[in-house]
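Q: sequence and predicted structure, then a few things I'm wondering about:
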Amino acid sequence: MLTDTQNQAIAAALESARARFVDANPRSREQHRKAAEVLPGGNTRTSLFSEPFPVTLVRGSGARVTSLDGREYIDFLGEYTAGLYGHSHPALRQTVLDALDNGWVMGGHIRHEEELARLIRDRFPSIELVRFANSGTEANLFAISTARAATGKNKAVVFEGGYHGGVFTFGLTRSAMEAPFDFVKAQYNDIDGTRALLDAHAAEIGTVILEPMQGSGGCIPADPAFLAMLREWTSAHGAILVFDEVMTSRLSPGGLQALWGVTPDLTTLGKYIGGGFSFGAFGGRADLMERFDPRRPDAFAHAGTFNNNVFTMAAGVVGLRDIYTADVAVALNACGDALRARLNEIAGKARFPMQFTGLGSMMNVHMVAGAVRNVRDLTAGNAALRDLFWFDLLEQGVWIARRGMINVSLPIGEAECDQLATAVEAFVDRTNALVRKESS
Ligand SMILES: Cc1ncc(COP(=O)(O)O)c(C=O)c1O
């Protein structure tokens with residue numbers, strides 16, 4: 001716990017970091033000013049906005065991105081997990097160039113959709129049949145709607161800190177943009193409390209949806225015992241268990257469900273699986289997914305102009321079949337585990353109130369010393385320190401999410417990991433010295 005004087009010193013350091021940021025990025029500032037004339041706040045994707053103005057990116061190559069102001073950064077954000085393949089992967093690039101030669105707004109079935117579906121079915125234990133969409137949000141919309149229609153029960157249980165898309169954002173307070181479903185919110189990783197809530201609404205619950213590790217919530221893994229309880233309860237009560245693996249599907253060859261041996265009824269996917277193009281998918285138990293078979297007189301409808309868009313389908317096939325193979329997935333996540341342990345060791349040795357939570361290639365920094373089991377544990381975090389960390393890393397040429405998310409993508413190697421560890425160490429040393437000075 002920092003004293004008031006120490007917090008004032010951090011606030012002053014943050015103020016000067018912010019001033020240096022403004023000085024270093026005049027072209028991004030001007031770009032944002034122009035964008036704000038036609039987009040609210042100059043922004044069309046809330047998660048990307050950050051004060052005082054966002055940096056505009058103009059180029060990506062391998063593990064690096066370059067800003068409009070000519071600064072190059074190591075990309076440790078990896079487009080919030082969608083950028084797993086890095087920038088302009090040559091095999092994906094060639095696939096798209098080949099696709100261009102044969103047309104890309106077909107208005108008919110294409111062969112790649114069957115290939116991608118087969119690759120997905122072979123990888124993820126719960127998926128017997130799958131359908132494609134354009135985003136993770138859309139995939140979740142359809143998964144919840146499928147569960148509701150199949151069970152005839154309206155309530156969907158969600159979890160604090162859960163994120164399933166802009167209209168499915170479940171913070172500690174209710175979002176005005178929440179889609180009008182009958183949601184019941186439980187506390188993540190709270191086995192007894194959640195079971196009591198489920199029992200209280202048992203007759204009406206058709207869906208239980210969660211991320212097996214909360215991604216946007218701060219890379220907070222579920223306790224496997226919590227998942228096991230949810231699996232058992234939903235099976236016993238005829239509710240549909242949906243795992244949102246839009247982010248976590250990368251954490252093992254078969255997603256987090258395979259790693260932990262818990263098989264949901266439905267799974268949603270998104271992000272990198274489209275090879276870096278707009279993508280979403282929902283799939284699962286054959287008896288549920290067969291309801292979409294258009295040959296049935298009572299078929300569920302699921303349309304979408306771009307569900308089978310040529311670029312996504314073609315790049316997705318090459319990505320899963322040739323690039324993110326099972327062995328590569330295992331190696332990448334081992335690399336992420338080692339990096340996270342290394343960063344936590346830096347914080348631990350310096351007795352700095354900072355930790356990196358997560359699994360495998362996904363992690364998030366938190367300025368919290370105690371255990372993090374759900375988003376309530378993060379309310380004690382020092383927001384100014386986290387902002388300072390972000391500005392500091394940016395100055396050291398490292399690109400991460402303002403909220404502290406870090407993802408290891410395929411082009412990240414040892415040199416990049418060393419650079420991140422050195423940058424984190426420098427931040428910790430500098431900030432520790434600042435805090436010590438104020439307490440002496
Ligand atoms: C777990 C999870 N589900 C769903 C989504 C929504 O996906 P999209 O942004 O493609 O709509 C996201 C996006 O970050 C996510 O992290």
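A: Cool, the structure landed.
Q: of all of the stretch 101-250 of the chain, which residue lies closest to the ligand?
A: In the stretch 101-250 of the chain, the residue that lies nearest the ligand is G136 (2.4 Å; C-beta to the nearest ligand atom). C-beta coordinates here come from the backbone N, C-alpha and C atoms, glycine included.
Q: from P353, how far off is that residue?
A: According to C-beta to C-beta, to the nearest Å, G136 stands 33 Å off from P353.
Q: and what of V328?
A: Going from V328 to P353 by C-beta to C-beta gives 35 Å.
Q: before we move on, what about A13?
A: The span separating A13 from P353 equals 15 Å under the rule C-beta to C-beta.
Q: and the closest residue to the residue of the stretch 101-250 of the chain closest to the ligand other than its chain neighbours, what does it touch?
A: Computed as C-beta to C-beta, 6 or more residues apart in numbering, the closest residue to G136 that is not its neighbour in sequence is G270, at 3.1 Å. Contact partners of G270, counting by C-beta atoms under 8 Å, 6 or more residues apart in numbering, are 82, 135-136, 139, 246-247, 279-281.
Q: in CSV: those residues, plus secondary structure, neighbour count and pLDDT.
A: Listed next are the contacts of G270 as CSV, based on DSSP: H, G, I helix; E, B strand; the rest coil; neighbours: other C-beta atoms under 10 Å; pLDDT from 0 to 100:
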residue, secondary structure, neighbour count, pLDDT
A82, coil, 24, 98
S135, coil, 19, 98
G136, helix, 27, 98
A139, helix, 30, 98
V246, coil, 31, 98
M247, coil, 28, 98
F279, coil, 30, 98
G280, strand, 28, 98
A281, strand, 30, 99
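Q: contact residues of the stretch 251-400 of the chain facing the ligand?
A: Within the stretch 251-400 of the chain, the positions lying close to the ligand (C-beta under 6 Å from any ligand atom) are 270, 280.
Q: need phi/psi at whichever residue of the stretch 251-400 of the chain sits closest to the ligand.
A: Of all residues in the stretch 251-400 of the chain, the one sitting closest to the ligand is G270 (4.5 Å; C-beta to the nearest ligand atom). As for G270, its main-chain torsions (degrees, to the nearest 10) stand at phi -170, psi -150.
Q: now swap in T173 and tell me
A: With angles defined as degrees, to the nearest 10, T173 shows backbone torsions of phi -110, psi 160.
Q: could you check the pLDDT of it?
A: pLDDT, the model's per-residue confidence, is 95 for T173.
Q: so V157 belongs to a strand, correct?
A: Yes: counting by DSSP: H, G, I helix; E, B strand; the rest coil, V157 is found in a strand.
Q: would you agree it is in contact with L198?
A: Yes: the pair V157 and L198 qualifies as a contact (C-beta atoms under 8 Å) at a distance of 6.6 Å.
Q: more neighbours: those two, which one.
A: Legend: neighbour count by other C-beta atoms under 10 Å for V157 and L198, higher for V157 (25 against 22).
Q: what sits against the more buried one?
A: For V157, counting by C-beta under 8 Å, 6+ apart, the contacting residues are 183-186, 194, 197-198, 201, 205, 207-209.
Q: for D182, list each beta-bridge partner.
A: Per DSSP bridges, residues listed as beta-bridge partners of D182: K155.
Q: from P264, how far out is it?
A: Noted for D182: a distance of 20 Å to P264, by C-beta to C-beta.
Q: more crowded one of those two?
A: A side-by-side neighbour count of D182 and P264, using other C-beta under 10 Å, places P264 first with 29 against 14.
Q: gap between that one and I240?
A: Note on P264: its distance to I240, by C-beta to C-beta, is 8 Å.
Q: picking that back up, let's see if you can find the most crowded of the contacts of V157.
A: T207 (29 neighbours).
Q: what does it show for phi and psi?
A: In terms of degrees, to the nearest 10, the main-chain angles of T207 are phi -130, psi 140.
Q: for it, name its beta-bridge partners.
A: Under the criterion used here (DSSP bridges), T207 is bridged to A156, I240.
Q: you'd agree it is up against K155?
A: Yes: counting by C-beta under 8 Å, T207 touches K155, with 7.5 Å between them.
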